[in-house]
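Asks: have a look; sequence and predicted model below, questions after that.
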Amino acid sequence: PMAADNARVEWSFEGQYLTVSKLSFCSPGAGASTSLVNWSHAGEMLALHRVAEYATEGDGAPSAPTVSVPSAAAAGGAASSGANPAKSAEAQLQEAEEYLQRHQVQARIEKAMNEVLSSMPADPMAMLADVLKTIPAQAPGGGEAPAEEAAVDNSALEAERDAQADLVKELKLKKKADDSAVSQEEVDTAVKKLLEIKAKLGDDGKKKGDKKADKKADKKGGAKKGKEAGPKMIDVEPCMGTRDFYPEDMRIRNWMFGHFRAVAKQFAFQEYDAPVLESEELYKRKAGEEITQQMYNFVDKGGYAVTLRPEMTPSLARMILARQRADSGQTMMILPVKWFSIPQCWRFETTQRGRKREHYQWNMDIVGVKTIGAETELLAAITAFFTNVGITSADVGIKVNSRKVMGSILKAQGISDDQFAPVCVVVDKLDKIGPEEVVKELVAPPLCVPESTAQTIIKTMAARSVEELKAICGPGVDQEGLDELAELFEQAKEYGFADFLIFDASVVRGLAYYTGIVFECFDRSGELRAICGGGRYDRLLSLYGSKQEVPCVGFGFGDCVILELLQMKNCIPRLDQTTDFVVAAFNQEMLKKAMHVAGRLRTAGAVVDMQCEPKKNVGKTFDYANRVGARFVALVAPDEWNKGMVRVKDLRADDKTNNQKDVLLDDLANWTTIFPDA
């Protein structure tokens, strides 16, 4: 019943054998919206529908949607068994799913997508389109699964595949060693060719009876001699854009987070946290921010629209509001509030160097301070962290600007208050897409800024000092904002970090809620994206319903880019696994006694690795202790135990002739003094 002119194609893909498209319909009068996904494979069409209906309340605002039962119907030729209008929606859906499963369309598409995305090409959509075109059509016959294909000699293709795989590996290694040695285009072309060869070979890309591949499959849980085939090995890679943290990675992460926490506590900030799952509405602000298009959002089983948090500031605002008096808006906490956190945040965006779909972000915020001293305090904390980890002002800089000043400049150019925040979102892309593309976005709908105005905005953004900005803009510029900028630079001199700061009129930050000073930290070599950023957001709490305007300022400091920088500058120390003691039993009979010793040492504050299975060869115990970074080995044997003692050996002692002692059990409490030079 939807009008055709209300239809909008959200996305589509058209391949040689497969066509997939998603359309949206909107019927304002009926208060309903519809999403339609069409799959066409081997000349047959399946249409999958999802309808969300919105009821209007007295004030005209839409209520939470009620979603009808999803339906699937065969269309335009239907599935092999034919469409039956009398069938229930559930039956048609089941039939559609069986059809897709029978012809392995979904499995083939998923495999193609995984192969493309795991190779990280520069243009993944183009490569995905090429790969999907190679998916062979399996035309159905009478509703039955396609007959098995005749055996084919694939030896030539297999040899070609192996040679191409070696080439891809070689190119990637060369690029990793020297980025300029091999272009990304060369890598993408080689990967594309490899995927095409694999597609010709079939699902697994290996010939039946291939001993080398079969042996590899055995190791992954496949068939072994005399046994039936086991379960297929799971995909061991983490989801796209996410990371595993092995113990060696966790040592680095904990070292860095330790510096975050140490600086925050040194500045008298308190740590807080919030759920990673938040209400979707919390992030739906005006100005078309990119972040609202990147959310991992969904409707949960209770019908609530929720999202994994893409940033922490709205959660902070919600928590501050929860401590306000409902009648007056007065905050029921000691002001100023100084809080910090290191939350994990999620954004569905293109992964690249220094950017993941999940990341941790050090946040520091000050609530309740109107003056510029709050910004200075936060910038001092950022630069203190850099100094503590060995990063200098020669390595990084912090660009500073004022949204208040830029607001007055844009207003003088005819930019309305409603346009200001969306224009800032576009201008924030200046370093990423360049001035020409920024002008195009400003001139195009929905902003429709006159081209002459857009060019003037770009010229204004080129100012590199407060004085230069004054000269370009004249008397119409906001004087209070200029005074705040000047005061900030003066306070930075007194604090001792002015060498980190640079005025840059092009920095406006992409989030709509900023109202005053904004700043962004960058790598002076130009290799990395922004390291951190923040600014003043005095009106955010009012946007969420606060009866009083609450002054706030804060920053977010992601872990991905700073790790890249620390590695580039060789600032990460060696963080080996360390243990005070390995406690080992001489034999199985002494195991309980060894556990008693381990308990005593842990009570005395030692880090103890208890060897749960006694080794027949004591040399293996010492070898294990060396590999886990232990300083001492406590060997619990019958002879020493009968004397109320254990033998302790110092594995790191320089004097190898005097590096072990028999120690009384009661003296283990003072284990740090057993070897005075240890």
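Replies: Now that the structure is in, tell me what you want to look at. For clarity, every value in this text was computed on a predicted model and none was experimentally measured. Numbering: from 1, shown residues only.
Asks: got any ranges where the stretch 51-200 of the chain has weak pLDDT?
Replies: Applying pLDDT under 70 to the stretch 51-200 of the chain flags residues 51-153.
Asks: which helix or strand lies directly C-terminal to the helix or strand encompassing K493?
Replies: Taking DSSP states H and E as the criterion, K493 maps to helix 479-495. Where DSSP H and E defines the elements, the next helix or strand beyond helix 479-495 is strand 501-503.
Asks: what separates that next one from the chain centre, distance-wise?
Replies: Computed by Cα atoms, centre = their mean, to the nearest Å, the chain-centroid distance of strand 501-503 equals 29 Å.
Asks: that strand pairs with which strands, and in what direction?
Replies: Paired strands of strand 501-503, with direction, are strand 396-402 (parallel) (DSSP bridges).
Asks: distance between the partner strand and the chain's centre?
Replies: In terms of Cα atoms, centre = their mean, the centre of strand 396-402 is found 24 Å from the chain centre.
Asks: report the rounded mean pLDDT for that strand.
Replies: For strand 396-402, mean pLDDT is 95.
Asks: and the helix or strand just after that strand, C-alpha only, in CSV?
Replies: Downstream of strand 396-402, the next assigned helix or strand under DSSP H and E is helix 403-412. This file holds the C-alpha atoms of helix 403-412, laid out as CSV (Å, rounded to 0.1, in the frame of the first residue of the first chain):
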residue,chain,number,x,y,z
ARG,A,403,33.8,27.5,18.9
LYS,A,404,32.6,30.8,20.4
VAL,A,405,34.9,32.8,18.1
MET,A,406,34.1,30.7,15.1
GLY,A,407,30.4,31.1,15.8
SER,A,408,30.6,34.9,15.6
ILE,A,409,32.7,34.7,12.4
LEU,A,410,30.2,32.3,10.7
LYS,A,411,27.3,34.4,11.8
ALA,A,412,28.9,37.4,10.2
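Asks: distance from the next helix or strand after helix 403-412 to the middle of the chain?
Replies: Using DSSP H and E, the helix or strand that follows helix 403-412 in sequence is helix 417-427. Computed by Cα atoms, centre = their mean, the chain-centroid distance of helix 417-427 equals 26 Å.
Asks: helix 417-427 packs against which elements?
Replies: helix 403-412, helix 430-443, helix 451-461 (3 or more Cβ pairs under 8 Å, 6 or more residues apart in numbering; DSSP states H and E). (Glycine included, C-beta is placed from N, CA and C.)
Asks: to K198, which of those lies closest?
Replies: Proximity to K198 (Cβ to Cβ) singles out helix 430-443 among the helices and strands packed on helix 417-427, at 34.5 Å.
Asks: buried ones in the closest one?
Replies: Within helix 430-443, the residues that qualify as buried are L430, D431, P435, V438, V439, E441, L442, V443, counting by 16 or more other Cβ atoms under 10 Å.
Asks: now stretch 555-569
Replies: Neighbour-count burial for stretch 555-569, counted by 16+ other Cβ under 10 Å, picks out 555-566, 569.
Asks: next one: stretch 469-481
Replies: By neighbour count on 16+ other Cβ under 10 Å, the buried set for stretch 469-481 is L469, I472, C473, V477, D478, G481.
Asks: so how far is R403 from the fifth one?
Replies: The one in question is D478. Distance of D478 to R403, computed by Cβ to Cβ, to the nearest Å: 10 Å.
Asks: do the same with Y283
Replies: Applying Cβ to Cβ, the value for Y283 to R403 is 20 Å.
Asks: of these two, which one has the most company?
Replies: Applying other Cβ atoms under 10 Å to Y283 and R403 shows that R403 carries more neighbours, namely 25 against 20.
Asks: show me the contacts for that one.
Replies: By Cβ atoms under 8 Å, 6 or more residues apart in numbering, the residues touching R403 are C424, V508, R509, Y514, T515, G516, I517, V518, G535, R536.
Asks: which ones are touching the residue nearest to R325 when sequence neighbours are not counted?
Replies: Nearest residue to R325, sequence neighbours excluded (Cβ to Cβ, 6 or more residues apart in numbering): M332, at 6.3 Å. Going by Cβ under 8 Å, 6+ apart, M332 touches R323, Q324, R325.
Asks: ok, of those, which come out buried?
Replies: Q324.
Asks: the contacts of M332 in strands, which ones?
Replies: Counting by DSSP state E, no part of these is found in strands.
Asks: relative to L157, which of the contacts of M332 is nearest.
Replies: R323 (66.7 Å).
Asks: for that closest one, give its distance to W339.
Replies: Note on R323: its distance to W339, by Cβ to Cβ, is 12 Å.
Asks: what residue lies at the spatial centre of the chain?
Replies: With distances taken as Cα atoms, centre = their mean, E358 lies nearest the centre of the chain, 1.7 Å away.
Asks: pop out the phi and psi values for that one.
Replies: Backbone geometry at E358, expressed as degrees, to the nearest 10, gives phi -130, psi 140.
Asks: pLDDT value on it, please?
Replies: E358 is assigned 95 on the pLDDT scale.
Asks: check contacts around it.
Replies: Residues near E358 by Cβ under 8 Å, 6+ apart: G241, T242, R243, Q344, C345, W346.
Asks: assumed the fifth one was part of a strand.
Replies: Right, C345. Yes - counting by DSSP: H, G, I helix; E, B strand; the rest coil, C345 is part of a strand.
Asks: tell me if I'm right that V423 and P446 touch.
Replies: No - contact status for V423 versus P446: not in contact, 11.1 Å apart, counting by Cβ atoms under 8 Å.
Asks: by residue count, which helix of the chain is the longest?
Replies: Ordering each helix of the chain by length in residues (DSSP state H) puts helix 155-177 first.
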